[in-house]
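Q: predicted model and sequence below, questions to follow.
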Amino acid sequence: MSARSIMVSPSLLACDFGRLAEEVRAVEAAGADWLHVDVMDGHFVPNLTVGPVVVEAIRRASRLPLDVHLMLNHPEQHVKPFIEAGAQYLTVHLEAPGLRTESVLRKTLDAIRALGARPGLSVRPRTSADALRPFLEAVDLVLLMTVEPGFGGQAFMPEVVPKVRQVREGFSRDLAVDGGINAETGRACREAGANVLVAGTYVFKAASYKDAIQSLRG
Ligand code: DX5
Ligand code: ZN
């Protein structure tokens with residue numbers, strides 16, 4: 001895995017939303033590779049966050065790829081507006097009730113690609129690597145949650161690290177980890193084969209965004 005370049009995707013959930021465009025420009029200047037946007041519907045997870053209108057505002061503030069993480073019960077109903085708003089990576093959850101039928105999940109991943117974005121698939125910490133396997137050839141990004149989705153600032157779950165290794169064995173595209181990532185937990189994930197590190201609190205609460213982002217690259 002060492003030849004693979006490490007990408008850092010700061011999670012804007014931890015930024016100062018009152019200064020959203022400035023925060024976006026600051027992490028871009030500090031070396032961020034992607035920008036991670038957490039979309040929550042108050043059902044799939046208890047929290048509520050932002051929709052396409054905010055994704056579009058982020059798009060206008062930055063040229064970086066937008067990595068949009070949909071934590072929605074029915075992501076299949078919202079693919080088009082998020083891609084039109086500028087999502088380059090659009091990630092849905094395998095556990096979303098709307099995607100429980102395999103054909104709907106496949107159709108949703110294909111629709112993301114047909115609309116010009118890169119499809120991603122995410123799983124909660126307790127969902128196995130085996131559950132992901134049938135869909136790996138259809139996605140450009142796998143996003144492994146290393147906390148229960150819903151909130152920033154939670155503690156990393158080390159029991160997910162073996163799953164990072166298992167997924168990496170059969171998957172050569174982008175493999176991301178999300179939740180509780182800092183220099184130390186990020187290193188464990190990189191060593192297991194992750195090449196995209198999503199980090200909210202660690203970047204946005206740091207005195208220097210640049211040092212925090214740099215430290216995630218190892
Ligand atoms: C949690 C989100 C994460 C979150 C990570 O549901 O998917 O992207 O913002 O935040 P930290 O890095 O603070 O754990
Ligand atoms: Zn996320």
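A: Cool, the structure landed. Ligands and ions are numbered 1, 2, ... in the order given.
Q: scan the protein for its longest helix.
A: Longest helix in the chain by number of residues, with DSSP state H as the criterion: helix 102-114.
Q: can you list the residues of this protein near ligand 1?
A: 11, 13-14, 36, 38, 69, 147, 149-150, 152-154, 178-181, 198-202 (CB under 6 Å from any ligand atom). Every residue, glycine included, has its C-beta placed from N, CA and C.
Q: now, of those, which are buried?
A: Applying 16 or more other CB atoms under 10 Å to those, the neighbour count classes 11, 13-14, 36, 38, 69, 147, 149-150, 152, 178-181, 198-202 as buried.
Q: contacting ligand 2 as well, which ones from those?
A: Within the set of these, contact with ligand 2 (CB under 5 Å from the ion) is found for 38, 69, 178.
Q: so the second one bridges to which residues?
A: The bridge-partner assignment for H69, based on DSSP bridges, gives D38, T91.
Q: that one contacts L143, correct?
A: Yes - counting by CB atoms under 8 Å, H69 touches L143, with 6.4 Å between them.
Q: need the residues touching each of the two.
A: 91, 120, 122, 178, 198 (CB atoms under 8 Å, 6 or more residues apart in numbering).
Q: host element of the residue lying closest to the fourth one once chain neighbours are set aside?
A: The reference is to D178. Of all residues not flanking D178 in the chain, V198 sits nearest, at 4.0 Å (CB to CB, 6 or more residues apart in numbering). V198 belongs to strand 196-199 when elements are defined using DSSP states H and E.
Q: quick one: contacts of that strand?
A: The contact list for strand 196-199 (CB under 8 Å, 6+ apart) reads 6-11, 33-34, 36, 67, 69, 141, 143, 174-179, 181-182, 186, 189-190, 212, 216.
Q: restricted to strands, list those.
A: 7-10, 36, 67, 69, 141, 143, 174-178 (DSSP state E).
Q: and these, which are buried?
A: Neighbour counting with 16+ other CB under 10 Å marks 7-10, 36, 67, 69, 141, 143, 174-178 as buried within the ones in strands among the contacts of strand 196-199.
Q: a markdown table for those, including pLDDT?
A: Formatted as a markdown table, those follow (pLDDT from 0 to 100):
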| residue | pLDDT |
| --- | --- |
| M7 | 98 |
| V8 | 98 |
| S9 | 99 |
| P10 | 99 |
| H36 | 99 |
| D67 | 98 |
| H69 | 99 |
| L141 | 98 |
| L143 | 99 |
| D174 | 98 |
| L175 | 98 |
| A176 | 99 |
| V177 | 99 |
| D178 | 99 |
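Q: look up how far ligand 2 lies from R168.
A: Distance from R168 to ligand 2, counting by CB to the ion, to the nearest Å: 19 Å.
Q: and P46, by the same measure?
A: Applying CB to the ion to P46 and ligand 2 gives a distance of 15 Å.
Q: name the nearest residue to that residue, sequence neighbours excluded.
A: Per CB to CB, 6+ apart, closest to P46 is G150, 5.6 Å.
Q: hang on, the one you found packs against G42?
A: No - G150 is not in contact with G42 according to CB under 8 Å; the separation is 9.8 Å.
Q: how about low-confidence regions in the protein?
A: 1-3 (pLDDT under 70).
Q: quick one: the helices in this structure, in order.
A: Under DSSP H, the chain gives helices at 20-29, 52-61, 79-84, 102-114, 129-132, 161-169, 183-192, 201-204, 209-217.
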